[in-house]
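A.B. asks: Fold the stuff below for me.
(3 chains)
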Amino acid sequence: MNLSLLYLIDLFGTAIFAISGVLLAGRLRMDPFGVMVLATVTAIGGGTIRDLILGATPVFWVTDTAYMWIIIITSLATMMLVRHPKRLPWYVMPVCDAIGLAAFVGIGVEKALAFQDSYLVAVMMGVLTGCGGGIIRDVLAREIPMVLRSEVYATACIAGGSAHVLLVQWGLAHSHAMLAGVVVTLTIRLTAIRWHLSLPTFALNK
Amino acid sequence: MNLSLLYLIDLFGTAIFAISGVLLAGRLRMDPFGVMVLATVTAIGGGTIRDLILGATPVFWVTDTAYMWIIIITSLATMMLVRHPKRLPWYVMPVCDAIGLAAFVGIGVEKALAFQDSYLVAVMMGVLTGCGGGIIRDVLAREIPMVLRSEVYATACIAGGSAHVLLVQWGLAHSHAMLAGVVVTLTIRLTAIRWHLSLPTFALNK
Amino acid sequence: MNLSLLYLIDLFGTAIFAISGVLLAGRLRMDPFGVMVLATVTAIGGGTIRDLILGATPVFWVTDTAYMWIIIITSLATMMLVRHPKRLPWYVMPVCDAIGLAAFVGIGVEKALAFQDSYLVAVMMGVLTGCGGGIIRDVLAREIPMVLRSEVYATACIAGGSAHVLLVQWGLAHSHAMLAGVVVTLTIRLTAIRWHLSLPTFALNK
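C.D. replies: As a prediction, this is how the structure comes out:
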């Protein structure tokens, strides 16, 4: 996968994740600053925790401010333009989200491999990059994080990240392994969206 | 602004923020340890996340333990002395809070400028230093963070931080730019407190 | 205390803390990924924040993946084997938890002393290592953190950590001081469990 293409998809994912933060903030009647905060943590929260854990500081969006500008512009545009989010076909946001998610996982795995050797940690960092922002968003909005409760969301990230590191381990070039991982994440996630798949939940007898 | 004066105001802000954590803990009937935790995260939570993101580790209160001693002494004194917080005139705590907030923003902006070049990131770090602790306090107390929902609180920080970096960009000495930024934050915040100003909230039609 | 014995107790504590995360997730009917996330943050959340604050990155479980494998295996085994957690005698989990907690505090204090000089910060890092994971677990599960509200839990950590640093300050070998601190934490915690002790809560008149 062309690295500048991946960078563009990464910025696209950042914008999509920011929009999902704005939409949640709108349901909670936050003020404009609250909207920006939710948009920001959703879009860069996962990657930020990843960079802190790996010791990759200053974190990525301090080094490259394109991410923050994307978030600011996207959030302002969403606040000004969107009043009736339900008029979009229902699948538009989930499909965009899946594209961003797949890119985030691939980037998280690659960054972890650049900073340390464990494949297990690399998969974890991919999942964290993809899912961490949404978890922080839901905690701030006082909801039990959606990805902890339902849908084949994190599972898609684990599968894509695992494919990615296995192919690297088998000697494939990083760019090809990442492309394959991104395709795996995206395929599983789109399948789950199309047929409303979820995993069984774990519930204890009381 | 004299740097040792700023340091004193910083410690004053730390004490005020700790008290606001203690008062919230008292409303939730926490045990003494819970009170200390809420006081600590309110007072140093924002600056801690700022230092982690900038890579300025160990964080500031590990290097200079005056902050922790201030928090411990203030919290114990508040627990022992305060039983009827409503007997104070209503504006005392908000005005003290505004003074601490303005100092925190100025310090956050200056620290960010010392560690990296982006003015956008510097303003964000100022806002994070001022508002981050209160957000963590409210998350631990299971409330939707107050600063995300109401009042011209974060907005004052954004204005003050922006004035600060603009004046630095125009060539003013850092100490004068910081003083101007602190005055802007404080003025807007005091105005909002005096006339109960808030921004319109962003709400989506369902 | 023999260091490899302490390492084994540390891994034991990691497993116990992971199980406590799994059991909470089971009460909330989370999906398997949510279960793994709660188990992971409970087991390594406190130590992770400690390492970030001290600047000890990459954090400990990136450097030594034994922690993650313990968490994964323990969580999967708990999900498969445990359906009726209430059939265990009530004191089994608290006593195991107390053993893990005491080890975590000792390790946290030692790591802090290796990275900086303040004894106050060292005690805080011990408490954070012991209590931080449970706090994050409860925030994700949308409960006010248990350790902020009840029982002589954090207090035991403060006492054990303080004993540990005082003995170091008085010239005792680190290994002996740590052993004494671990015994203090464990004794206080087991006493509190046996006789259901709690501290009075701090409540404000309204």
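A.B. asks: hang on, A:E143 is in a helix, isn't it?
C.D. replies: No - following the definition DSSP: H, G, I helix; E, B strand; the rest coil, A:E143 is coil and is not counted among the residues of a helix.
A.B. asks: And for it, the neighbour number?
C.D. replies: Residues contacting A:E143 under the criterion other CB atoms under 10 Å in any protein chain shown number 14. In short, each C-beta sits where N, CA and C put it, glycine included.
A.B. asks: Check A:I99 too.
C.D. replies: Close neighbours of A:I99, defined as other CB under 10 Å, add up to 18.
A.B. asks: you'd agree it is up against A:F12?
C.D. replies: Yes - between A:I99 and A:F12 there is a contact at 6.8 Å, judged by CB atoms under 8 Å.
A.B. asks: middle-most residue in chain A, spatially?
C.D. replies: A:G130 (3.1 Å; CA atoms, centre = their mean).
A.B. asks: show me the contacts for that residue.
C.D. replies: Remark: with contacts taken as CB atoms under 8 Å, 6 or more residues apart in numbering or on different chains, A:G130 is in contact with A:G46, A:L101, A:F104, A:V105, A:G108, A:A154, A:C157, A:T185.
A.B. asks: again with A:L148
C.D. replies: Applying CB under 8 Å, 6+ apart, one finds that A:L148 lies in contact with A:I135, C:A25, C:M30, C:D31, C:F33, C:G34, C:V37, C:L38, C:L140.
A.B. asks: Name the nearest of those residues relative to chain B.
C.D. replies: Closest to chain B out of the contacts of A:L148 is C:L140 (10.4 Å), distances taken as CB to the nearest CB.
A.B. asks: ok, that closest one - how many residues close by?
C.D. replies: Burial of C:L140 is recorded as 25 neighbouring residues (other CB under 10 Å).
A.B. asks: For chain A, which residues are neighbours of chain B?
C.D. replies: Residues of chain A lying close to chain B (CB under 8 Å from any CB of the partner chain) are A:22-23, A:25-35, A:37-38, A:48, A:52, A:57-59, A:61-63, A:65, A:68-69, A:79, A:82-86, A:139-142.
A.B. asks: Kindly recompute the last result at 7 Å.
C.D. replies: Contact residues, chain A versus chain B (CB under 7 Å from any CB of the partner chain): A:23, A:25-35, A:37, A:48, A:52, A:57-59, A:62, A:65, A:68, A:79, A:83-85, A:139-142.
A.B. asks: And for A:M146, nearest residue in space, chain neighbours not counted?
C.D. replies: Distances taken as CB to CB, 6 or more residues apart in numbering or on different chains put A:D138 closest to A:M146, at 5.9 Å, once the chain neighbours are dropped.
A.B. asks: got it, and A:G100?
C.D. replies: Computed as CB to CB, 6+ apart, the closest residue to A:G100 that is not its neighbour in sequence is A:G13, at 2.5 Å.
A.B. asks: so the residue nearest to A:M146 touches A:P145, yeah?
C.D. replies: Yes - using CB atoms under 7 Å, A:D138 is in contact with A:P145, at 4.1 Å.
A.B. asks: circling back to that earlier point, what about the contacts of A:L148, which one has the most neighbours?
C.D. replies: C:A25 (32 neighbours).
A.B. asks: That residue belongs to a strand, doesn't it?
C.D. replies: No - with three-state DSSP as the criterion, C:A25 is helix rather than part of a strand.
A.B. asks: Could you verify my assumption that it touches C:M36?
C.D. replies: No - shown here, C:A25 and C:M36 do not form a contact pair, counting by CB under 7 Å, at 8.6 Å.
A.B. asks: Let me know the distance separating the closest residue to A:V37 other than its chain neighbours from C:F104.
C.D. replies: Distances taken as CB to CB, 6+ apart put B:L148 closest to A:V37, at 5.8 Å, once the chain neighbours are dropped. Here the distance between B:L148 and C:F104 works out to 33 Å (CB to CB, to the nearest Å).
A.B. asks: likewise A:V184?
C.D. replies: Counting by CB to CB, the gap from A:V184 to C:F104 is 37 Å.
A.B. asks: Neighbour count: those two, which is higher?
C.D. replies: C:F104 (30 against 22).
A.B. asks: which stretch of helix or strand covers the more buried one?
C.D. replies: Assigning secondary structure by DSSP states H and E places C:F104 in helix C:92-115.
A.B. asks: ok so, going back, with the contacts of A:G130 in mind, which one is nearest to B:A177?
C.D. replies: In terms of CB to CB, no member of the contacts of A:G130 lies closer to B:A177 than A:G46, at 34.1 Å.
A.B. asks: Helix, strand or coil: sort out the closest one for me.
C.D. replies: Going by three-state DSSP, the secondary structure assigned to A:G46 is helix.
A.B. asks: quick one on the thing from earlier: next, the buried residues of the helix holding C:F104.
C.D. replies: Going by neighbour count (16 or more other CB atoms under 10 Å in any protein chain shown), the buried part of helix C:92-115 is C:94-113, C:115.
A.B. asks: in a helix, that's where A:P89 is, yeah?
C.D. replies: No - secondary structure of A:P89, determined by three-state DSSP: coil, with no helix assignment.
A.B. asks: Tell me the helix or strand right after the least confident helix or strand in chain A by mean pLDDT.
C.D. replies: Taking mean pLDDT, DSSP states H and E as the measure, the helix or strand of chain A with the lowest value is helix A:146-149, at a mean of 72. Stepping forward along the backbone from helix A:146-149, the first helix or strand reached (DSSP H and E) is helix A:154-169.
A.B. asks: tell me how far that next one is from the chain's mean position?
C.D. replies: 15 Å (CA atoms, centre = their mean, to the nearest Å).
A.B. asks: Format the CA atom coordinates belonging to that helix as PDB.
C.D. replies: Presented in PDB, the C-alpha positions along helix A:154-169 are these (Å, rounded to 0.1, in the frame of the first residue of the first chain):
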ATOM      1  CA  ALA A 154     -12.900  -4.900  18.200                       C
ATOM      2  CA  THR A 155     -12.900  -8.500  16.900                       C
ATOM      3  CA  ALA A 156     -12.400  -7.200  13.400                       C
ATOM      4  CA  CYS A 157      -9.400  -5.100  14.700                       C
ATOM      5  CA  ILE A 158      -7.900  -8.200  16.400                       C
ATOM      6  CA  ALA A 159      -8.300 -10.300  13.300                       C
ATOM      7  CA  GLY A 160      -6.900  -7.600  11.000                       C
ATOM      8  CA  GLY A 161      -4.000  -6.800  13.300                       C
ATOM      9  CA  SER A 162      -3.200 -10.500  13.700                       C
ATOM     10  CA  ALA A 163      -3.200 -11.100  10.000                       C
ATOM     11  CA  HIS A 164      -0.900  -8.100   9.600                       C
ATOM     12  CA  VAL A 165       1.700  -9.300  12.200                       C
ATOM     13  CA  LEU A 166       1.600 -13.000  11.000                       C
ATOM     14  CA  LEU A 167       2.400 -11.900   7.400                       C
ATOM     15  CA  VAL A 168       5.300  -9.800   8.700                       C
ATOM     16  CA  GLN A 169       6.500 -12.700  10.700                       C
END
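A.B. asks: buried stuff in it?
C.D. replies: Buried residues in helix A:154-169, defined by neighbour count with 16+ other CB under 10 Å: A:154-165, A:167-168.
A.B. asks: among the residues you listed, which are in reach of chain C?
C.D. replies: Contacts with chain C are made by A:A154, A:T155 out of the buried residues of helix A:154-169, judged by CB under 7 Å from any CB.
A.B. asks: If we only consider the buried residues of helix A:154-169, which is nearest to A:M178?
C.D. replies: Using CB to CB, A:H164 is the member of the buried residues of helix A:154-169 that sits closest to A:M178, with 5.8 Å.
A.B. asks: pretty sure that closest one contacts A:G181?
C.D. replies: Yes - distance between A:H164 and A:G181: 2.9 Å, which falls inside the contact criterion (CB under 7 Å).
A.B. asks: who touches both of these two?
C.D. replies: Both A:H164 and A:G181 are in contact with A:G106, A:V109, where contact means CB atoms under 7 Å, 6 or more residues apart in numbering or on different chains.
A.B. asks: A:Y119: what's it in contact with?
C.D. replies: Counting by CB under 7 Å, 6+ apart, A:Y119 makes contact with A:V165, A:Q169.
A.B. asks: No more questions from me, cheers.
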